[in-house]
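Colleague: After the sequence you'll find the predicted model.
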Amino acid sequence: MSETAERQPCPMCGQEIPVAAKKCRFCGEMIERKSSNDHAISGLIPYKNPPALIAYYLGLFSLLPCFPIGLVALVLGIIGLRKVYATPEVRGTVHAWIGIVLGGFFGLLWTAITILGLIGAIAAQNH
């Protein structure tokens, strides 16, 4: 192997390895190659961060009057956001925040309406 070959650090151990290497000869770690298309898709759909993606859709569905959906979206949004902060390459910050905001707001709204409805029904039953 020539000394002029392009080299890069191994993502796990930091040792210099050839750019074309599929496995690090020092630590044995498999080297994942990212295509430019992979980066573009993961920016739109954070498939590497399922909690954020699920929180996003549940946050949207929390517009329907069913409070557990919103509360689950809130929890999954927080989990997805923590995952983004721990590992930024998984992406999904916006999806997680949409799940947190919509899920939290509508989850609390539908919970409050349900509780007020139950209180009203109990009060009407006692009179």
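Modeller: In hand now; what should we look at?
Colleague: Ala121 - how many residues pack around it?
Modeller: 10 (other Cβ atoms under 10 Å). For the C-beta atoms, the positions are set from N, CA and C on the backbone; glycine is no exception.
Colleague: got it, and Asn126?
Modeller: Asn126 has 6 nearby residues by other Cβ under 10 Å.
Colleague: same check, this time on Gly70
Modeller: 27.
Colleague: any idea whether Ala52 is helix, strand or coil?
Modeller: helix (DSSP: H, G, I helix; E, B strand; the rest coil).
Colleague: since we're on the residue nearest to it when sequence neighbours are not counted, how many residues are nearby?
Modeller: Leaving aside its sequence neighbours, Ala52 sits nearest to Gly80 (Cβ to Cβ, 6 or more residues apart in numbering; 2.9 Å). Gly80 sits with 28 neighbouring residues when counted by other Cβ under 10 Å.
Colleague: Domains in the protein, by residue range?
Modeller: 1-33, 46-126 (automatic domain parsing).
Colleague: pull the longest helix from this protein.
Modeller: helix 93-126 (DSSP state H).
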